[in-house]
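In: give me coordinates for this.
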Amino acid sequence: MEDQFFVGWGTLPLINAGLAQGKNRSGLNWFFISLFLGPIATLILVTLEKMPEEEKAN
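Out: The predicted structure is shown next:
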């Protein structure tokens with residue numbers, strides 16, 4: 001039973017990193033935040049609005 005807990009808690013940061021990148025936020029930062037906050041980080045990410053995309057200078 002404990003193995004399932006660790007697999008779920010270890011997979012959640014990967015999912016949150018993808019969510020963060022979809023909202024134009026740092027996936028790496030949210031990966032580490034999710035390691036500590038877990039489902040709370042997911043709730044925060046879902047409620048945050050998408051950041052505007054940065055224009056790239058040519």
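In: output the longest helix belonging to the chain.
Out: Secondary structure of the chain read by DSSP state H shows that its longest helix is helix 2-22.
In: which SSE is immediately downstream of that helix?
Out: helix 27-37 (DSSP states H and E).
In: gap between the spatially closest residue to residue 28 that is not a sequence neighbour and residue 3?
Out: The shortest distance from residue 28 to any residue other than its chain neighbours is 7.0 Å, reached at residue 17 (CB to CB, 6 or more residues apart in numbering). (C-beta placed from N, C-alpha, C; glycine too.) Residue 17 sits at a distance of 22 Å from residue 3 (criterion: CB to CB, to the nearest Å).
In: repeat for residue 46
Out: For residue 46, the distance to residue 3 - CB to CB - is 27 Å.
In: so which residue is dead centre in the protein?
Out: What sits nearest the mean C-alpha location of the chain, by CA atoms, centre = their mean, is residue 16, with 2.4 Å.
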